[in-house]
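Trainee: Prediction below, plus the sequence it came from.
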Amino acid sequence: MNAEEPMQMSLLTWMVNSLGTTYLILLPAAALLSIVLALVVVIRGRGSMAAAMLLLIVPLPLLVGFYASLHGAIMSFQILASGSSAPKPTDVAMAFSVALMPPFVGLLMMVPAYTVATIGTFVRSLTDKTANGE
């Protein structure tokens, strides 16, 4: 193998490495919290504030992903700026790809809470006694 040639790694390994241990723990924790709180609001929430609570709760993993993206971009560009030579385009591309991974994962982890909130509010609107006129 040539010294110039980059080492090949699987996509899953690269994703885990690009997220880091902090966000590898925070993103699933935010997703779990989002799903549990969405279930609680759908089951127990009453009145017009239930929808507002769901709008606040459901995007938690995405918000953590955006924060991680900003943190990763700042750290990547600090490393690139501290180098003595001009960065290669591949280094800049790698910094962008690493910084864009957390919002992608956050968006994927937001989908279950969004599904719970959407289906739960739909079923609840069908079974609500006040909506049926009873």
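Mentor: The structure has been received and is ready for your questions. Residues are numbered from 1 along each chain as shown.
Trainee: Which residues are in contact with A31?
Mentor: Going by C-beta atoms under 8 Å, 6 or more residues apart in numbering, A31 touches 60-61, 109-110, 112-113. Placement of C-beta: from N, CA and C, glycine included.
Trainee: Would you quantify the distance from P87 to A68?
Mentor: 22 Å (C-beta to C-beta, to the nearest Å).
Trainee: So for the two, which residue has more residues nearby?
Mentor: A68 (24 against 15; other C-beta atoms under 10 Å).
Trainee: Not counting its neighbours along the chain, what's nearest the more buried one?
Mentor: P102 (3.5 Å; C-beta to C-beta, 6 or more residues apart in numbering).
Trainee: For P89, see how far away that neighbour is.
Mentor: 22 Å.
Trainee: who's more crowded, the two?
Mentor: Between P102 and P89, counting by other C-beta under 10 Å, P102 is the more crowded of the two (28 against 8).
Trainee: quick one, what contacts that one?
Mentor: With C-beta under 8 Å, 6+ apart, P102 has these contacts: 18-19, 23, 27, 64-66, 68-69, 72.
Trainee: same thing but 6 Å
Mentor: Going by C-beta atoms under 6 Å, 6 or more residues apart in numbering, P102 touches 23, 65, 68-69.
Trainee: Can you say which helix or strand has it in it?
Mentor: Taking DSSP states H and E as the definition, P102 sits inside helix 89-127.
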